[in-house]
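1. Mind looking at a prediction? Sequence and model below.
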There are 2 protein chains.
Amino acid sequence: MTKPEWIAADWGTTNLRLWAMQGTEVLDSRQSDQGMGKLNPDDFAGVLADMTQGWGDAPVIACGMVGSRQGWIEAPYGPVPLAARPRLVQVPGQNVWIVCGVNQMDPPDVMRGEETQIAGLLAARPNFDGTICLPGTHTKWARISAGEIVSFQSFMTGEMFALLARQSVLRHTVGDPTDLGAFDAALNDALAQPHRAYGRLFQLRAGALLGDLSPETAGGRLSGSLIGWELAAAKPYWLGQEVCVIGAPALSALYARALSAQGVICTEGAAQATTLAGLYSAWTTLKEHA
Amino acid sequence: MTKPEWIAADWGTTNLRLWAMQGTEVLDSRQSDQGMGKLNPDDFAGVLADMTQGWGDAPVIACGMVGSRQGWIEAPYGPVPLAARPRLVQVPGQNVWIVCGVNQMDPPDVMRGEETQIAGLLAARPNFDGTICLPGTHTKWARISAGEIVSFQSFMTGEMFALLARQSVLRHTVGDPTDLGAFDAALNDALAQPHRAYGRLFQLRAGALLGDLSPETAGGRLSGSLIGWELAAAKPYWLGQEVCVIGAPALSALYARALSAQGVICTEGAAQATTLAGLYSAWTTLKEHA
């Protein structure tokens, strides 16, 4: 293999993903479960050296929770409104740069990792004016205009679904949200009457005990209710805006379906490619300033 | 000690509580963590014999998850509308009777254990016409009229608070809900605009990271939001009704505070005394039919 020109790293709480890069071309890739959550600050350098063996000593550009207070070093937040182009801090004594997160003081919010995907989308579409929706454990909605992140808001929908579906009284009742009819109906209910949908959560369990509610239907209803609440709360982000949804395919498809049903012009982007494009944008910034 | 006339048992998922009774008088009490969740059907008789040693062979009246499909024997649900006086099934070959749960087909709902507290309240106030609110892991609201349970609804508020406060990204941020000003403000927000309150959950974490949000204030906000959603959804149960709140003191006080702020006439009852009164009502029913 050609020695890479640079190394891209997506270093989150649970996983580490690495790519050996020549410009925008991926030469090789590796992955490990040594996420930030399992490591002490002293562990990061060793893990990175192990995982990049044979790739030479190219500079590493990393995004994600590796830059949090509990990570390798704290890469300070920049406050919105903020140019979407990535800002970097160097790990002292290392050929490693970490992308800084973004924060917002009022209402308070933070992102770390998603700013790199926003930069990736803007690298491909520099004149994008609209909203980026990044579904995940903590879904982010960001308003983008004139190359800047104007404002953003995070929702706990992904984590709520996981907690309710796997650890609550609903754990024997709720499966993957593959019943799209149930998803659509619950979404409309939650958008129109959020409080009534709250009163229907325990009924998923009761409906399975007393009737024939299937895991697919219960999963569709739970997912539709939570995404419905999120859409109701995030309305200022999507109403009258183009929305680009970037995330894992199955979850992104549910968000795109929900938004399209509201008449929103909606595009979808691939999460990993967008992250790589954002890290490449950071790498070019570093080269320009070297 | 006088040998008891009968034995009262509150046998839930996590705990077993036993009282040696002479009429309505408590002669002795015992408690264990051998709840239904830890036991197989064959285990119950032995656990009960161990725990009632020295109490003689008095009949046992038990309520709670001991009567569920996963319990000792299944004590079948009775459908609403239903007389509030407890119905019993005998465990075959045992001097043990279990109180039957209550269900509702549309919208689907179930209770098992709470029906005994409803019977206890009605034993003390036979002409009660209003709503009983039983805060807990799965809070129940039941409309009572003419000695009958007319309808009821369960909410996952207690379990949601526990999951979010102890297992989510909010776990380092949220403490006990002792900041009552924060509770009141979040309650009003959630009642008036449930969807907007959903968008403020992650902000508890961001507020603690970026500012000086205390665990007490974050706990008050989270509890106020969840109880606010519940009150919004349960409005047909409390609007224009007298509400009697029966549950653990700290949690019941929050519900009573929230209801009083809506102008509801609200009384509070002691959970254990009400359970015992319901089991006594079941015991007298058994004696009458013996």
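-> Received, thanks. Values in this document were obtained by computation on a predicted structure and should not be read as measured data.
2. Next secondary structure after the helix or strand of chain A at the bottom of the mean pLDDT ranking?
-> In chain A, no helix or strand scores lower on mean pLDDT, DSSP states H and E than helix A:194-198, which sits at a mean of 90. Next helix or strand after helix A:194-198 toward the C-terminus (DSSP states H and E): helix A:201-210.
3. orientation of whichever helix or strand comes after that following helix relative to helix A:201-210 in degrees?
-> From helix A:201-210 onward toward the C-terminus, using DSSP H and E, the following helix or strand is helix A:215-233. On the basis of axes from the mean of the first three to the mean of the last three Cα atoms, to 10 degrees, helix A:215-233 is oriented at 170 degrees to helix A:201-210.
4. What is helix A:215-233 packed up against?
-> Applying 3 or more Cβ pairs under 8 Å, 6 or more residues apart in numbering or on different chains; DSSP states H and E, one finds that helix A:215-233 contacts strand A:148-155, helix A:157-167, helix A:180-192, helix A:194-198, helix A:201-210, helix A:249-261, helix B:194-198. (Each C-beta comes from the backbone N, C-alpha and C, glycine too.)
5. possible to save the ones you listed as a markdown table with mean neighbour count and distance to B:T157?
-> Listed next are the helices and strands packed on helix A:215-233 as a markdown table, based on neighbours: other Cβ atoms under 10 Å in any protein chain shown; distance: least, Cβ to Cβ, whole Å:
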| stretch | mean neighbour count | distance to B:T157 |
| --- | --- | --- |
| strand A:148-155 | 22 | 19 |
| helix A:157-167 | 20 | 13 |
| helix A:180-192 | 20 | 17 |
| helix A:194-198 | 23 | 9 |
| helix A:201-210 | 22 | 9 |
| helix A:249-261 | 18 | 25 |
| helix B:194-198 | 23 | 13 |
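6. okay, these in TSV with distance to A:T116 next?
-> Formatted as TSV, the helices and strands packed on helix A:215-233 follow (distance: least, Cβ to Cβ, whole Å):
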stretch	distance to A:T116
strand A:148-155	12
helix A:157-167	19
helix A:180-192	30
helix A:194-198	32
helix A:201-210	35
helix A:249-261	17
helix B:194-198	27
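7. helices and strands around the least confident helix or strand of chain A, which ones?
-> helix A:180-192, helix A:215-233, helix B:194-198, helix B:215-233.
8. Of the helices and strands packed on helix A:215-233, which is nearest A:D43?
-> Of all the helices and strands packed on helix A:215-233, helix A:157-167 sits nearest to A:D43, with 25.6 Å by Cβ to Cβ.
9. Centre of the chain to that closest one, how far?
-> Chain-centre distance of helix A:157-167: 16 Å, with Cα atoms, centre = their mean, to the nearest Å.
10. Ok, stretch A:27-35 next?
-> 18 Å.
11. Likewise for stretch A:193-206?
-> 27 Å.
12. Name the surrounding residues that touch that stretch.
-> Stretch A:193-206 is contacted by residues A:164, A:169-170, A:173-174, A:186, A:189-190, A:213, A:218, A:221-222, A:225, A:228-229, A:232, B:103-104, B:107-110, B:138, B:153-156, B:194-195, B:198, B:229-230, B:232-234 when judged by Cβ atoms under 8 Å, 6 or more residues apart in numbering or on different chains.
13. So which elements touch the strand or helix carrying A:L122?
-> In this assignment (DSSP H and E), A:L122 forms part of helix A:114-124. Counting contacts by 3+ Cβ pairs under 8 Å, 6+ apart, helix A:114-124 is packed against strand A:130-134, strand A:139-145, strand A:243-247, helix A:271-289.
14. Pull out the buried residues from that helix.
-> A:114-123 (16 or more other Cβ atoms under 10 Å in any protein chain shown).
15. same check, this time on stretch A:264-278
-> By 16+ other Cβ under 10 Å, the buried positions in stretch A:264-278 come out as A:264, A:266, A:268-269, A:271-272, A:274-278.
16. what does stretch A:167-183 give?
-> A:168-170, A:173-175, A:177, A:179-180, A:182-183.
17. go on, stretch A:85-92?
-> The neighbour-count check on stretch A:85-92 (16+ other Cβ under 10 Å) flags A:85-88, A:91 as buried.
18. One more: stretch A:237-247?
-> A:237-238, A:241, A:243-247.
19. Run the contact check for it versus chain B.
-> No: applying Cβ under 8 Å from any Cβ of the partner chain, one finds stretch A:237-247 separated from chain B by no less than 9.9 Å.
20. can you list the residues that contact that stretch?
-> If you take Cβ under 8 Å, 6+ apart as the criterion, stretch A:237-247 is touched by A:117, A:121, A:128-136, A:139, A:141-143, A:153, A:231, A:252, A:255-256, A:259, A:262, A:264-271, A:274.
21. how about 6 Å then?
-> A:117, A:130-136, A:141, A:252, A:255-256, A:259, A:264-269, A:271, A:274 (Cβ atoms under 6 Å, 6 or more residues apart in numbering or on different chains).
22. got the CA coordinates for that stretch in CSV?
-> Output in CSV follows, covering the C-alpha atoms of stretch A:237-247 (Å, rounded to 0.1, in the frame of the first residue of the first chain):
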residue,chain,number,x,y,z
TYR,A,237,-35.9,24.1,11.9
TRP,A,238,-37.9,22.4,9.0
LEU,A,239,-40.9,24.5,8.2
GLY,A,240,-40.3,26.2,4.8
GLN,A,241,-36.7,24.9,4.7
GLU,A,242,-34.8,22.3,2.6
VAL,A,243,-33.7,19.6,5.0
CYS,A,244,-30.8,17.3,4.4
VAL,A,245,-30.9,14.1,6.5
ILE,A,246,-27.6,12.4,7.3
GLY,A,247,-27.3,9.3,9.4
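23. next one: that stretch to chain centre, how far?
-> The answer for stretch A:237-247 is 14 Å, by Cα atoms, centre = their mean.
24. Dig out what the residue nearest to A:E5 when sequence neighbours are not counted forms beta bridges with.
-> Among residues not flanking A:E5 along the chain, A:Q22 sits closest, at 5.1 Å (Cβ to Cβ, 6 or more residues apart in numbering or on different chains). Beta-bridge pairing of A:Q22 under DSSP bridges involves A:E25.
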